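Peer 1: predicted model follows, preceded by the sequence.
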Amino acid sequence: MLLSPALRLFPTASAMIAGRAGWLSALLGFFPAAAYTYCALRLFRLRRENEGLPQLLMRAAPGRAGRAVVLLLGLWALIYTAFILRSGADRFIVAVFPDSPRALFVLSMGAAALAAALTPLRCAARSAKLFAPAVLGTLLVVLLSALLSLRAENLLPVGVSDAPRVLAGALPVMDLLTWVVLALSFFLPECASGSFTPRRALLCTLGVCVTLSLMSADIVGVFGAALTGELSWPFFTLVRSLVFFRSIERIEALVVALWIFPDFLIVSLFLRAARDCLFAAIPRLSRPGPLSGVCLPLLAAAAAGLGMIVAPQADGLFLWSQRIVPAANLFFTLVLLPGVLGLGAIKKRL
């Protein structure tokens, strides 16, 4: 799930904030992200059997307040789904198929993700295991190949005066990792016992931060911080520029196409999350019948419709990618949801 927003947000955001020292921001981001993950795991231990995040929120804030919070979270899950559809279409249009209609990519991905969302969750998990070797292997090959092309003067020197910017550059890392923790918390009832142990979670967090640091070092090392901050898809621009790949025609199209898989996964899971929020806030919708059966198709249609009208221009998409979506994610993960769950714990409702 992380690979879809990571390639869109982190290299550009860290370069804009921390400049050539942005590759250190990912490493420093491990500490606050690890603390957040550990606290989230402790809080999730308060849940009862078959409770996910929506049910936990409803118990922490009973009545209208809880329903309002869950519906707001579900609405944002739907908007975020639409944004992923829109940004995925933009990636194809910019990198492979210029001047193509984005509706083609939005509708096809929305339909595929809907089909996945209608299947049991274990199918999504199995799909992720099948996709991971191809996507992660390609990412590793690209990053290792780029090491031969980077210039040290684009990354060094880094002094004490860069410390404030490096710390500020860790904020996008927090945005990425906390939002993944939040997304996975929807599906706690389906997870096997012991899946989210602190040790495993911290090791995964460390691996992600090291990968983001290598990605930032490669991209900034090749293009420089100023240019990286202006690129909409710096990773795919890096693929196009590598000498290693020039002997194979249109290899960047293959790499771009592989990122269908993370988009497919994240869209299908957030469609489920939006539905779960709706069912938790309005229980009668979850009862077996026509209403519960059409809920996911209607949500998928709404997400696709929003995806075709959100940010019609490149400037608008950049605003959504670098400002609106990260700000909203951080509001939910660092303010609203911890506040509601913390208050519920203090008042002994959890």
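Peer 2: Looks like it arrived, so ask away.
Peer 1: residue contacts, the closest residue to residue 102 other than its chain neighbours?
Peer 2: Counting by CB to CB, 6 or more residues apart in numbering, the nearest residue to residue 102 once its immediate chain neighbours are dropped is residue 89, at 4.0 Å. Quick note: C-beta positions are derived from backbone N, CA and C, even for glycine. Listed by CB atoms under 8 Å, 6 or more residues apart in numbering, the contact set of residue 89 reads 102, 104-106, 109, 307.
Peer 1: of these, select the buried ones using a ChimeraX command.
Peer 2: The following ChimeraX command selects only the buried members of these, with burial defined by 16 or more other CB atoms under 10 Å:
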select :102,105,106,109,307
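Peer 1: got TSV for the contacts of residue 89, with secondary structure, pLDDT and distance to residue 278 too?
Peer 2: Putting those into TSV (DSSP: H, G, I helix; E, B strand; the rest coil; pLDDT from 0 to 100; distance: CB to CB, whole Å) gives the following:
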residue	secondary structure	pLDDT	distance to residue 278
102	helix	89	27
104	helix	91	28
105	helix	92	26
106	helix	94	22
109	helix	93	22
307	helix	93	19
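Peer 1: the bottom helix or strand of the chain by mean pLDDT?
Peer 2: Averaged element by element with mean pLDDT, DSSP states H and E, the chain has its least confident helix or strand at helix 251-258 (a mean of 78).
Peer 1: on that earlier part again, widest-spaced pair of the contacts of residue 89?
Peer 2: For the contacts of residue 89, with distances taken as CB to CB, the pair at the greatest spread is 104 and 307 (11.8 Å).
Peer 1: returning to what we had before: so what secondary structure elements neighbour whichever helix or strand comes after the least confident helix or strand of the chain?
Peer 2: The C-terminal neighbour of helix 251-258 among helices and strands, as given by DSSP states H and E, is helix 260-281. Using 3 or more CB pairs under 8 Å, 6 or more residues apart in numbering; DSSP states H and E as the contact definition, the elements that helix 260-281 packs against are helix 3-18, helix 53-60, helix 64-95, helix 102-117, helix 121-146, helix 171-185, helix 290-309.
Peer 1: tell me which of those lies nearest to residue 331.
Peer 2: When those are ranked by distance to residue 331, counting by CB to CB, first place goes to helix 64-95 at 9.0 Å.
Peer 1: which other residues reach the least confident helix or strand of the chain?
Peer 2: Helix 251-258 is touched from outside by 91-92, 95-96, 134-135, 138, 142, 236, 239-240, 245, with contacts defined as CB under 8 Å, 6+ apart.
Peer 1: if we use 6 Å, what do you get?
Peer 2: Helix 251-258 is touched from outside by 95-96, 135, 138, 236, 239-240, 245, with contacts defined as CB atoms under 6 Å, 6 or more residues apart in numbering.
Peer 1: format the residues you listed as JSON lines; extra columns: pLDDT and distance to residue 115.
Peer 2: Written out in JSON lines, the entries for the contacts of helix 251-258 read as follows (pLDDT from 0 to 100; distance: CB to CB, whole Å):
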{"residue": "95", "pLDDT": "76", "distance to residue 115": "25"}
{"residue": "96", "pLDDT": "78", "distance to residue 115": "24"}
{"residue": "135", "pLDDT": "90", "distance to residue 115": "20"}
{"residue": "138", "pLDDT": "88", "distance to residue 115": "25"}
{"residue": "236", "pLDDT": "84", "distance to residue 115": "27"}
{"residue": "239", "pLDDT": "83", "distance to residue 115": "29"}
{"residue": "240", "pLDDT": "79", "distance to residue 115": "32"}
{"residue": "245", "pLDDT": "49", "distance to residue 115": "33"}
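Peer 1: grab the nearest non-local neighbour of residue 82.
Peer 2: By the measure of CB to CB, 6+ apart, the closest residue to residue 82 outside its immediate chain neighbours is residue 306, 3.5 Å from it.
Peer 1: in this structure that neighbour contacts residue 81, no?
Peer 2: No. Between residue 306 and residue 81 no contact is recorded; they are 8.2 Å apart, counting by CB atoms under 6 Å.
Peer 1: looking at the two, which is more packed in?
Peer 2: Set side by side, residue 306 and residue 81 give different neighbour counts by other CB atoms under 10 Å, the larger being at residue 81 (28 against 17).
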